[in-house]
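K.L.:
any chance you can model this:
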Amino acid sequence: MPPPPRPLTIHILRHGTRQDFLTPNWTSPTNLPKDPPIAPIGHHQAQEVSAHLLGQSPHSRSPPPITHIFSSPFTRCIQTVAPYARARDLRVKIEDGLGEWFNEANSILPAAADTLPSNHTEAKPCPRAPTVAELEALFPGLVDLGYEMRMRGTRWESKAEVHERLRVVLGRIIGFVEGEEDQKGGGEGGETHILLVTHAAAQIALVRALVGDERRKVTCGVATLSRFRRRIQQTTAAGVGGGKTSTSTSTSTNTNTNANANANANEDSGIDPSEWVMEADGDARHLSGGLQYNWAFAE
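P.N.:
Numbering: from 1, shown residues only. Just a heads-up that it's a prediction; the model follows:
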């Protein structure tokens, strides 16, 4: 029989308030048109996130022993997690698969009416993300230069495609982490915690993959945290000559009611929604400004 799944908790963090949310006048640290930095309030939120994860805020639980940080390559995500990563001396693994959603509805550039038929359209190039080298220059010593992305590049996507991307990359990240822990000989029974830093659409898609419902309403304000814990089934034999088993799972108020209906859609990424219990949905209690910029898909 294969070994039982490793105890794993996934923390999902949306970046802090973007500068372009507050003013049309901003400068990209990477000179990329779709890479705005976080605003001063976003830096304050980053400090609040760090304090919360370090167990230093009034609403903190015991600090989670996070061992892996994976982040979208966009500057605002690195800026949001940087205070915590530096406080823990953790390197950030840059993962394009956690990057921004570029809605395919914005990909069409109407051609000039005087040169082509009025119904002719052309696709604009998809904006690119910062490279690992660009981010290392901006955040010296913070980027994990040895990590190989599970996905690379950006592209225009439909809503269905961004959900699919996040399902797939989540499965690949979990596989990577479990492989790393196995190589290190992580003790059985020891729980692994990982932090994923991303954007609104991606955070929603990650949550939906883990609950198995692509239409679930998700709380997703800036610098909010969602958290999932893997259910661990323990099987014990009873009696002589055997044959009796009992199963124990963690408890939660979340019932994942749509898990069975969506299980097949998650098989390709190795995500079984019945394995996961939601413990926090867009938690903003650590933020002095509360829930802000709570984004949602148009559905």
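K.L.:
alpha carbons only for contacts and neighbour counts from here, please
P.N.:
Fine.
K.L.:
and the helices in this protein?
P.N.:
When assigned using DSSP state H, the helices of the chain occupy the ranges 40-53, 75-88, 132-138, 159-184, 200-211, 259-266.
K.L.:
show me where the stretch 1-150 of the chain dips below the pLDDT cut-off.
P.N.:
1-3, 110-122 (pLDDT under 70).
K.L.:
now for the helices of the chain, which one comes closest to residue 60?
P.N.:
For residue 60, the closest of these is helix 40-53, at 5.2 Å, according to C-alpha to C-alpha.
K.L.:
for the spatially most central residue of the chain, give the beta-bridge partners.
P.N.:
Residue closest to the mean C-alpha point of the chain, counted by C-alpha atoms, centre = their mean, is residue 196 at 3.9 Å. Beta-bridge pairing of residue 196 under DSSP bridges involves residue 12, residue 70.
K.L.:
pick the most deeply packed of the helices of the chain.
P.N.:
helix 200-211 (a mean of 26; mean count of other C-alpha atoms under 10 Å).
K.L.:
what's that helix packed up against?
P.N.:
With contacts defined as 3 or more C-alpha pairs under 8 Å, 6 or more residues apart in numbering; DSSP states H and E, the packing partners of helix 200-211 are strand 8-14, helix 159-184, strand 276-283.
K.L.:
one more pass at 7 Å, please.
P.N.:
Secondary-structure packing of helix 200-211 (3 or more C-alpha pairs under 7 Å, 6 or more residues apart in numbering; DSSP states H and E): strand 8-14, helix 159-184.
K.L.:
next, format those as JSON lines and append distance to residue 228.
P.N.:
Converted to JSON lines, those look like this (distance: least, C-alpha to C-alpha, whole Å):
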{"stretch": "strand 8-14", "distance to residue 228": "5"}
{"stretch": "helix 159-184", "distance to residue 228": "13"}
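K.L.:
what's the closest of the ones you listed to residue 219?
P.N.:
Nearest to residue 219, of all the helices and strands packed on helix 200-211, is strand 8-14, at 10.7 Å by C-alpha to C-alpha.
K.L.:
centre of the chain to that closest one, how far?
P.N.:
In terms of C-alpha atoms, centre = their mean, to the nearest Å, the centre of strand 8-14 is found 7 Å from the chain centre.
K.L.:
do the same with stretch 66-75
P.N.:
For stretch 66-75, the distance to the chain centre is 8 Å (C-alpha atoms, centre = their mean).
K.L.:
start and end of that stretch, how far apart?
P.N.:
Stretch 66-75 has its terminal residues 21 Å apart, counting by C-alpha to C-alpha, to the nearest Å.
K.L.:
over to stretch 278-288?
P.N.:
Rule used - C-alpha to C-alpha; the end-to-end distance of stretch 278-288 is 24 Å.
K.L.:
list the buried residues of that stretch.
P.N.:
Using 16 or more other C-alpha atoms under 10 Å as the test for burial, stretch 278-288 gives 278-287.
K.L.:
touching that stretch from outside, list them.
P.N.:
With C-alpha atoms under 7 Å, 6 or more residues apart in numbering as the test, stretch 278-288 has contacts from 45, 48-49, 52, 57, 59, 218-221, 224-229, 254, 290-291.
K.L.:
which among the residues you listed count as buried?
P.N.:
Buried members of the contacts of stretch 278-288, counted by 16+ other C-alpha under 10 Å: 45, 48-49, 52, 57, 218-221, 224-229, 291.
K.L.:
filter the residues you listed down to just the ones in strands.
P.N.:
Using DSSP state E, the members of these that fall within strands are 225-229.
K.L.:
for these, which one is nearest residue 33?
P.N.:
For these, the minimum distance to residue 33 (C-alpha to C-alpha) is 27.0 Å, reached by residue 225.
K.L.:
next one, pLDDT for residue 152 please.
P.N.:
For residue 152, the pLDDT comes out at 97.
K.L.:
nope, residue 257 is what I was after
P.N.:
In this model, residue 257 is scored at 38, pLDDT.
K.L.:
from here on, call the first residue 578.
P.N.:
With 578 as the first residue, the last one maps to residue 834.
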